[in-house]
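Participant: only geometry, no sequence info:
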């Protein structure tokens with residue numbers, strides 16, 4: 001959770017930056033925030049749904065590893 005609060009602090013400050021550009025320069029930060037929100041929210045779902053999504057994420061991770069290493 002330590003990284004969570006640091007990340008949320010950075011995210012809240014993004015729109016205040018004079019060069020804030022959500023469609024280009026800061027798009028990766030916004031996408032990272034969406035993934036982070038999904039990651040934090042999954043355990044609050046019912047156990048069977050949480051387990052299903054966790055397995056899907058693991059499967060995707062290992063598929064990506066296989067694509068990049070072989």
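Facilitator: Structure received. Just so it is clear, the structure is predicted and the values come from calculations on it, not from any experiment. Numbering: from 1, shown residues only.
Participant: tell me, what residue is most central in this protein?
Facilitator: residue 35 (2.1 Å; CA atoms, centre = their mean).
Participant: which secondary structure elements does the one helix or strand residue 8 maps to contact?
Facilitator: In this structure, residue 8 sits in helix 2-13 according to DSSP states H and E. Counting contacts by 3 or more CB pairs under 8 Å, 6 or more residues apart in numbering; DSSP states H and E, helix 2-13 is packed against helix 27-41. Just so you know, the C-beta spots here come from the backbone N, C-alpha and C atoms, and that holds for glycine as well.
Participant: Which elements pack onto the helix it packs on?
Facilitator: Using 3+ CB pairs under 8 Å, 6+ apart, the elements in contact with helix 27-41 are helix 2-13.
Participant: quick check, distance from the helix holding residue 8 to the centre of its chain.
Facilitator: 13 Å (CA atoms, centre = their mean, to the nearest Å).
Participant: Could I get the buried residue list for it?
Facilitator: For helix 2-13, burial by neighbour count (16 or more other CB atoms under 10 Å) applies to residue 11.
Participant: cool, and stretch 34-41?
Facilitator: So stretch 34-41, judged by 16+ other CB under 10 Å, has zero buried residues.
Participant: just to revisit the earlier point, quick one, what contacts the residue nearest to the centre of the chain?
Facilitator: By CB atoms under 8 Å, 6 or more residues apart in numbering, the contact list for residue 35 is empty.
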